[in-house]
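Engineer: Here is a sequence with its predicted model. Questions after.
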Amino acid sequence: MRLFFPTALIAGALVIMPAMAEDFSAISTTAMSITGDISLDDSEIVFSDGQSLAFDELVQDVFVVDGEEVAASVYSVSEPQVLELLNGNTLCGDGFVTYVATWAGMDDLTIVAMFDTQDVPGSDEEMCASFTYE
């Protein structure tokens, strides 16, 4: 049996198509009042007002949530900044967002956390805000 993978061979080179952004609906109070619905992929997060945070790189794929290690994606932000989003709210108060982490929560929900730390965050205890989406 032959397996098919969505890649293409062009002039002898392997070309892998980038992941498409996934859209998420805000369901937590903080997400509805600050970010609105989002679009997320491995290169950026786009907020409902069209502003975005571009990612520099995936810096780790595990993370500690409530004392338990979980599969997660932790991205460094390419240009740390303070974004004023919905209702004049910001993601981390006056702090520049330096890292974004995302992981699967209960009931197929997606959690996105923001960090204003200098070092790569290792747990949810270091976040300045979290938002829940479906």
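Structural biologist: Received, thanks.
Engineer: hang on, isn't E84 packed against G93?
Structural biologist: No. Counting by Cβ atoms under 8 Å, E84 does not reach G93; the two are 11.4 Å apart. Just so you know, the C-beta spots here come from the backbone N, C-alpha and C atoms, and that holds for glycine as well.
Engineer: hmm, who's touching stretch 27-38?
Structural biologist: 23-26, 45-49, 85-87, 89-91, 109, 112, 129-134 (Cβ atoms under 8 Å, 6 or more residues apart in numbering).
Engineer: In strands only, show me those residues.
Structural biologist: Using DSSP state E, the members of these that fall within strands are D23, F24, I45, V46, V112, A129, S130, F131, T132, Y133.
Engineer: What ranges does this protein have for its strands?
Structural biologist: 7-10, 13-16, 22-24, 38-40, 44-46, 52-65, 68-81, 97-104, 110-115, 129-133.
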